[in-house]
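Visitor: Using only what follows, build the 3D model:
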Amino acid sequence: MSATTILAQRFPRLRRSALNGVDGWNRVGNQMAFYVQTLAEVRVAFARYKEEILRLIAGMSLGVGALAVIGGTVVIVGFLTLSTGAIIAVQGYNQLSGIGVEALTGFLAAYVNVRITAPATAGIALAATIGAGATAQLGAMRISEEIDALEVMGIRSIAYLASTRLMSGVIVVIPLYCIAILMTFVSARLSTTAIYGQSTGVYDHYFNTFLSPTDILWSFFTAIVLAIVIMLVHTYYGYTAAGGPAGVGEAVGRAVRASLIVGAFAVLTVALAVYGQSGNFNLSG
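Guide: Have a look, this model is predicted:
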């Protein structure tokens with residue numbers, strides 16, 4: 001009897017812990033392999049499955065069936081960013097008025113919304129709508145053996161199912177983020193001028209002074225990175241779902257949890273890479 005076998009028999013908890021650690025690293029490796037293959041198959045998706053990409057874009061943006069009545073993801077993203085923009089205005093005005101500089105509320109709307117609030121809120125909305133929907137769809141196809149049927153018919157399942165959804169999410173996020181960032185600006189302005197009675201001229205002066213076009217471009221870049229990360233995570237959990245309908249529900253929950261965590265790290269990484277220690281900020285004007 002080998003020493004390894006003796007240790008396994010005498011310390012069963014240690015053996016289980018070691019096996020769990022190995023299984024965890026294997027899952028991480030399989031997940032990274034899926035991400036690489038999904039990105040590599042994007043060219044195939046554009047070459048062979050253009051119609052599927054267009055169909056997914058329509059479903060992700062305006063919704064299908066009964067969901068199309070309320071606008072699908074467009075309305076959800078719009079209302080979420082509308083509320084967060086108003087919260088920035090309310091909290092910013094109250095805090096700044098305590099030190100007598102409530103005129104700088106326009107500065108907060110131009111600075112905080114573009115760099116942090118709008119990208120983070122849009123990422124949450126994407127994970128809860130487009131991402132969760134993709135996981136549920138792929139999970140239902142997996143447990144009903146539709147994915148196996150696609151591979152039997154000679155269709156590259158990852159390209160047809162995962163890569164198409166990845167590119168559809170990236171394409172959809174651009175107009176969606178335009179709506180999101182506009183809603184944050186409008187809600188912050190209306191909350192400050194209509195509710196608190198600040199002069200529109202004062203608000204517009206500080207808002208236009210500190211709103212940098214470069215920050216807006218980086219904000220769009222952050223939103224695109226978030227869309228890529230979220231769609232990769234959700235397609236993986238849907239593609240690998242198992243255990244029947246209950247397993248699909250569990251996969252959706254795990255995907256949303258993972259995408260929110262990874263999305264937060266993505267926002268942090270982009271912010272550190274773009275702004276670093278200086279922050280690209282000059283208090284002047």
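Visitor: Just give me the residue closest to the centre of the chain.
Guide: G123 (3.2 Å; CA atoms, centre = their mean).
Visitor: Model confidence for that residue, exactly?
Guide: At G123 the predicted local confidence, pLDDT, stands at 87.
Visitor: repeat for the one 10 residues further on
Guide: Predicted confidence (pLDDT) for G133: 86.
Visitor: With V252 instead?
Guide: In this model, V252 carries a pLDDT of 91.
Visitor: May I ask which helix or strand encompasses the residue nearest to the centre of the chain?
Guide: G123 belongs to helix 118-126 when assigned by DSSP states H and E.
Visitor: hey, where'd the helices end up in the stretch 101-250 of the chain?
Guide: 105-112, 118-126, 132-143, 146-152, 157, 164-190, 200-210, 213-239, 244-275 (DSSP state H, counting those that start in this stretch).
Visitor: looking at those helices, which is closest to Q31?
Guide: Nearest to Q31 among those is helix 213-239 (5.7 Å), distances taken as CB to CB. For glycine as for every other residue, the C-beta is placed from the backbone atoms N, C-alpha and C.
Visitor: between that closest one and helix 164-190, how many degrees?
Guide: Interaxial angle of helix 213-239 relative to helix 164-190 (axes from the mean of the first three to the mean of the last three CA atoms, to 10 degrees): 140 degrees.
Visitor: just for the stretch 1-150 of the chain, where's the confidence low?
Guide: 1-25, 61-72 (pLDDT under 70).
Visitor: quick one, what contacts M231?
Guide: I130, G131, A134, R165, L166, G169, V170 (CB atoms under 8 Å, 6 or more residues apart in numbering).
Visitor: same thing but 10 Å
Guide: 38, 60, 126-127, 130-131, 134, 162-163, 165-170, 172-173, 259 (CB atoms under 10 Å, 6 or more residues apart in numbering).
Visitor: Now for the residue nearest to the centre of the chain: which residues touch it?
Guide: So G123 contacts 131, 173, 177, 222-223, 225-227, 229-230, 259-260, 262-264, 266-267 (CB under 10 Å, 6+ apart).
Visitor: Would you write a PyMOL line that selects the buried entries of those residues?
Guide: Here is the PyMOL command that selects the buried residues among the contacts of G123 (16 or more other CB atoms under 10 Å):
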select buried, resi 131+173+177+222+223+225+226+227+229+230+259+260+262+263+266+267
